[in-house]
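Asker: Sequence and predicted structure, then a few things I'm wondering about:
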Amino acid sequence: MKKLLTIAFLTTAGLFGAAIGSLTPTSAELVASGGAVVVYFAGQTADFDSVLNLVSPTTVGPFFQNHTTPVGTALNLGTFATGQVLRFRLDVTSTGNSFFTGAASLNPDNVIHVAQAPWAADVTIPVNGILVGFEDVLGGGDFDYDDNTFVFTNVTSTVVSPEPSSMILAAAGLLALAWGRRRRLS
């Protein structure tokens, strides 16, 4: 019941009023798609204090202290090459934990702490983009991904696959292992 009331409040308050669909947990990366990447603070429901950081391919931050930053505040992170993976880290200053966009293996608890949904421009955040929500509790907390939310522009969301050369090397290694095993069995 508490979760239902929270969702009703957030919808009434307009926090997720422009999200297209619900936030879906994902290991998908945010990838630059051309133009300046701008991040907007979209709100928070967190008890803990936290800040966001861009950690790769360059370092920007910390920014957007969640309990003092007004919703709609924007920060231009700069222009990145199309296809460049952008890695973000949420530092939960109240607990000392940090959680990353991307694979669960990047997080100390091996749990995905990020969910995404498409975003349509509204009065507060007047651009289309990707809504990214973080879960800020070790172990995944309540898995609602609304503890801290941000809208990113000029990015796409994609699961990054290994480069073809890496895949060829892996395949060659597997073939060598199979050949070696076959020789031993003969």
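Answerer: Okay, I see it.
Asker: ok, and the closest non-adjacent residue to the residue nearest to the spatial centre of the chain?
Answerer: With distances taken as C-alpha atoms, centre = their mean, the residue of the chain nearest its centroid is T101 (3.6 Å). Leaving aside its sequence neighbours, T101 sits nearest to F88 (C-beta to C-beta, 6 or more residues apart in numbering; 4.6 Å). Just so you know, the C-beta spots here come from the backbone N, C-alpha and C atoms, and that holds for glycine as well.
Asker: so where does the one you found fall, helix or strand?
Answerer: strand 85-92 (DSSP states H and E).
Asker: okay, and for this protein, where does confidence drop off?
Answerer: Judged by pLDDT under 70, the chain has its weakly predicted residues at 1-17, 159-186.
Asker: Show me where it has its helices.
Answerer: Ranges of helices in the chain, per DSSP state H, are 2-13, 164-185.
Asker: picking up where we left off before, for the residue nearest to T101, give me its contacts.
Answerer: 30, 52-55, 100-101, 132 (C-beta atoms under 8 Å, 6 or more residues apart in numbering).
Asker: what would those look like in a markdown table with distance to Q116?
Answerer: A markdown table is the format used below for the contacts of F88 (distance: C-beta to C-beta, whole Å):
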| residue | distance to Q116 |
| --- | --- |
| L30 | 8 |
| L52 | 15 |
| N53 | 18 |
| L54 | 17 |
| V55 | 18 |
| F100 | 14 |
| T101 | 9 |
| V132 | 5 |
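Asker: Go through those and name the one nearest G43.
Answerer: Nearest to G43 among those: V132, at 12.0 Å, using C-beta to C-beta.
Asker: The closest residue to T58 other than its chain neighbours bridge partners, please.
Answerer: Nearest non-adjacent residue to T58, counting by C-beta to C-beta, 6+ apart: G78, 7.7 Å away. Note on G78: beta-bridge partners by DSSP bridges are V37.
Asker: what's around G78, how many residues?
Answerer: Residues near G78, counting by other C-beta atoms under 10 Å, number 12.
Asker: From G141, how far off is it?
Answerer: 32 Å (C-beta to C-beta, to the nearest Å).
Asker: Same check on L86?
Answerer: Plainly put, L86 is 24 Å away from G141 if you go by C-beta to C-beta.
Asker: Which one of the two is surrounded by more residues?
Answerer: Taking neighbours as other C-beta under 10 Å, L86 and G141 compare with L86 leading, 22 against 17.
Asker: quick one: contacts for the more buried one?
Answerer: Going by C-beta under 8 Å, 6+ apart, L86 touches 29-32, 37, 54, 56-57, 77, 80, 101, 155.
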